[in-house]
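Chemist: pasted the sequence and its predicted model underneath.
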Amino acid sequence: MTKALDLCDIQGNVVRAYGRFGFPIARYLLLNVSNGWGGRAWLTEMIPYVTNSATWGTGPDDAKRPKATLNIAINHAGLSALELPLESLNSFSTEFSMGMKKRKDITGDVGASSPEHWDPVWNDDANHKAVHILLTLNAITPHALENQYQWVTEQIEGSKGAVTLLDGHRGPNGQLLPYQEAHIIFENGLPTSKEHFGYTDGIGDPYFEGIQDAPERVAGRGKQMSDGTWQPLATGEFLHGHLDEAKEYPPAAAPILLSRNGTYLVYRKLHQNVASFDTLLAREGATYPGGAELMAAKFVGRWRDNGAPLVNAHDATSKLQWDADFAKASVDEKDAMLSNFTYDDDMSGARCPLSGHMRRVNPRASLEIKAGTCPGQFLRNEGAFDTPGALANRRRILRRGLPYGDSAKRDTDQGDHGVIMMMLNADIGRQYEFVQQQWVNYGNDFREANDKDVILGNRSKHVPNSVIHQADPEGDAPPRFVRNIPLLVETRGGDYFFVPSLTALRLIARGLIDPT
Amino acid sequence: MNRNKSGNAYALTMLCPIKPGVEGNRIYADLIRDQLESWNMASVSPMSLVPNTYLCRFFVLDDIYTESLPGAGIWDALSDIRLIPSNEQRLAALPHTDRLQSRYLVFTSNLHGDVDDYLHGMWQSIHVEINTIWKYCYGFENVNDEVSFVAYAKKCCLDTSLFFVGSNDDSLAAQLKALYVKQEFSRFAQETQDLSASQLRLAYTAFMQHIKPRDVEQPTWMAGSTHVDL
């Protein structure tokens, strides 16, 4: 079933990960609104320049690809500052209304990740410095980014104090900046899609009805069907005002025009402890059967160098073969090799461990499971659910964002580098928070008790910090313990924002939101 | 009483009517609830001192729950189809709303072994705490020792209709020891992962001497613990 979305109405970052479309650099700005009338006037000036999702190209209906993009997201306090009616404000979800800081016990932002350690920009709620608006600028070249940034700051200054650009993003050398920079990592002068632990990132992304993407890309990205095909996910999993996987309209703010074609954006600045990661790899990898690089692959579910999925390249030999096939493959075939796989033949985790990051954040159909006959063996429980991936289909998340900082110096955890994650979903509680609390920081659904996601798990000295790399239940090799895993990722800032449609932005700017 | 047994495990269910008195401007039922809340906040519950308690639960039952007007049966159906019965007739046919005659203290316990032994053990270990909540119940004024407590308890017992034990039906001490051994063995397996066969043999001997698998009393997990210190 095809569905035509009003792409001109949906902001561009919802259907596109700009990094994949030739926009390798970004700046993320946080703004405060001190005066509703002035804030709305400023918003009116910005709206014509907000990038939407219209297809880029040279055809008559296509939009021209810009050199720099601009997108706007607003948190609950920001919508209140813009003077949305109280009834509309109260109709947003509880998670969004509370904001990420107050939800830290759910997201697990405790210890080193606790909000008091975040960048100062997130912690100055007094004196008209509370975070209200997120402006994201992506650009093709540094020159285009600088022009876009200059233009934006001029508009902000033109608001005569109604809108202010907030300072306090920690940058390199401990400086505080008025923006967060992000950029793809270059290796030997060439752009890569790597992140700072060395993994190839950004391969998977949900495919939903209405996005203008090649149909064959649904394989591995949509939902798995019993007959082995893949279908797009329901639009309403990622956009308000459209039917979701339960064939209902997702709970969304009133009135309909405020929320339709909009979605929630979860922004998180994640610092990466590269020294701890390298030490872990060296220590536990020294005695790891198959070598340290295989162990690194098992932390995530993909080989670091080229993202080969472990289910199809589970040891050195099969990896060599996979690499050879990959080198000869066309662009489309390469994409299929990377994305089009299932865990159907790896239910026991012998290839991709049950604690693997990729498996934890998107289990595909691996939760349609029953115990096998020998210890540690799991089998497909075919037909148990409506579709094999039913337990995962409603927990999918669109990932946007880029790495930040430089990790050439890897002998310390104190450097300035990590990733800016922006996750888009229609329901923060059901999607992002569920995955974070139940699948990343807890292992029960994977029969792994309290064992956490190796990469993202919020570790402290009060919990066991090991995982088990499962072995083939019918083979002779024992499972492998990976022990004393340190805290690898720390939260340094974030909040829950709403990405309004262009229609909603215009109504907000004109003060015409009416929930009655 | 067979419905309450599952192998060596027993399901005890007591409903104890609470007197309607007032003390310090609060009704007895609320005082009991308050006392139970303080047990909840304690680092270890008094019930962890009662031998062979697998899992127990207390609550104060105020009344049964009424959702709406019940139907008048055939009179409702007739008045929907044809307006033959008058509304007065229909309303008169509605049953009265049910109410409990008093509030109840409800105590349920999944336990190991004989229920009489259990109740004796409960009085022996925590008769002071028992009195702080049960003193407000009808008939408890006659309870002043082990024998009278067991007799009172039996009067308040109900048979359950469906009983599953959450674990096996071994003694509590055996179960706690088993959990301890399982935890320690997991730790041992991780720590000795890369040892040679002879090193492993030595480490295993030391491990067995340390955990004393045949000694059910020590070392072991404490009853009532909510977490293991690492």
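Modeler: The structure has been received and is ready for your questions. Numbers count the residues shown, from 1 in each chain, chains lettered A, B, ... in the order given.
Chemist: who's the residue nearest to the spatial centre of chain B bridged to?
Modeler: The centroid of chain B falls nearest to B:C56 when counting by CA atoms, centre = their mean (2.1 Å). On the basis of DSSP bridges, B:C56 is bridged to B:S109.
Chemist: just the CA trace of stretch A:36-56, in PDB.
Modeler: Only the C-alpha atoms of stretch A:36-56 are listed here, as PDB (Å, rounded to 0.1, in the frame of the first residue of the first chain):
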ATOM      1  CA  GLY A  36       6.000  35.400  23.400                       C
ATOM      2  CA  TRP A  37       5.000  38.100  21.000                       C
ATOM      3  CA  GLY A  38       8.700  38.700  20.000                       C
ATOM      4  CA  GLY A  39       9.300  35.000  19.800                       C
ATOM      5  CA  ARG A  40       6.400  34.500  17.400                       C
ATOM      6  CA  ALA A  41       7.600  37.400  15.300                       C
ATOM      7  CA  TRP A  42      11.100  35.900  15.000                       C
ATOM      8  CA  LEU A  43       9.600  32.500  14.100                       C
ATOM      9  CA  THR A  44       7.600  34.200  11.300                       C
ATOM     10  CA  GLU A  45      10.900  35.400   9.800                       C
ATOM     11  CA  MET A  46      12.500  32.000  10.000                       C
ATOM     12  CA  ILE A  47       9.700  29.900   8.600                       C
ATOM     13  CA  PRO A  48      10.400  30.600   4.900                       C
ATOM     14  CA  TYR A  49      13.900  29.200   5.400                       C
ATOM     15  CA  VAL A  50      13.000  26.000   7.200                       C
ATOM     16  CA  THR A  51      14.000  23.000   5.200                       C
ATOM     17  CA  ASN A  52      11.200  20.600   4.400                       C
ATOM     18  CA  SER A  53      11.200  17.000   3.100                       C
ATOM     19  CA  ALA A  54      10.400  17.800  -0.600                       C
ATOM     20  CA  THR A  55      12.400  15.700  -2.900                       C
ATOM     21  CA  TRP A  56      15.600  17.300  -4.100                       C
END
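Chemist: now do the buried residues in that stretch.
Modeler: Under the neighbour-count criterion of 16 or more other CB atoms under 10 Å in any protein chain shown, stretch A:36-56 has A:38-43, A:46, A:50-54, A:56 buried. Yep, even glycine has a C-beta here, placed from its N, CA and C like the rest.
Chemist: what sits up against stretch B:174-185?
Modeler: Contacts with stretch B:174-185, where a contact means CB atoms under 8 Å, 6 or more residues apart in numbering or on different chains, come from B:54, B:167-168, B:170, B:207, B:210-211, B:213, B:216, B:219-223, B:228.
Chemist: ok now that stretch, how far from the chain's centre?
Modeler: In this view, stretch B:174-185 has its centroid 23 Å away from the chain centroid, taken as CA atoms, centre = their mean, to the nearest Å.
Chemist: can you map out the strands along chain B?
Modeler: Along chain B, the segments classed as strands by DSSP state E run B:5-6, B:9-17, B:22-23, B:26-27, B:53-61, B:104-112, B:157-158.
Chemist: can I get these in CSV with mean pLDDT?
Modeler: As requested, those are exported to CSV (pLDDT from 0 to 100):
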stretch, mean pLDDT
strand B:5-6, 92
strand B:9-17, 97
strand B:22-23, 96
strand B:26-27, 96
strand B:53-61, 96
strand B:104-112, 97
strand B:157-158, 96
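Chemist: get me the contact residues on chain A for chain B.
Modeler: With CB under 8 Å from any CB of the partner chain as the criterion, chain A comes near chain B at residues A:T287, A:K461, A:H462, A:V463, A:P464, A:S466, A:R480, A:F481, A:R483.
Chemist: burial count for the closest residue to the last one other than its chain neighbours?
Modeler: Nearest residue to A:R483, sequence neighbours excluded (CB to CB, 6 or more residues apart in numbering or on different chains): A:S466, at 4.5 Å. Here the number of neighbours of A:S466 (other CB atoms under 10 Å in any protein chain shown) works out to 18.
Chemist: and the residue nearest to the centre of chain B, what is it in contact with?
Modeler: So, once contact is read as CB under 8 Å, 6+ apart, B:C56 ends up touching B:M47, B:V50, B:F107, B:T108, B:S109, B:N110, B:L111.
Chemist: got phi/psi on the residue in chain A that chain B sits nearest to?
Modeler: Proximity of chain A to chain B (CB to the nearest CB) peaks at A:F481, 4.5 Å away. Main-chain torsions, A:F481, degrees, to the nearest 10: phi -90, psi 130.
Chemist: and it, how many residues sit next to it?
Modeler: By the criterion of other CB under 10 Å, A:F481 has 18 neighbours.
Chemist: same question, A:I369
Modeler: A:I369 has 20 neighbouring residues, counting by other CB under 10 Å.
Chemist: likewise for the one 3 residues further on?
Modeler: Neighbourhood size, A:G372 [other CB under 10 Å]: 14.
Chemist: tell me the pLDDT at it?
Modeler: You'll see A:G372 listed with a pLDDT of 95.
Chemist: dump the residue contacts of it.
Modeler: By CB under 8 Å, 6+ apart, the residues touching A:G372 are A:S348, A:F378, A:L379, A:P473.
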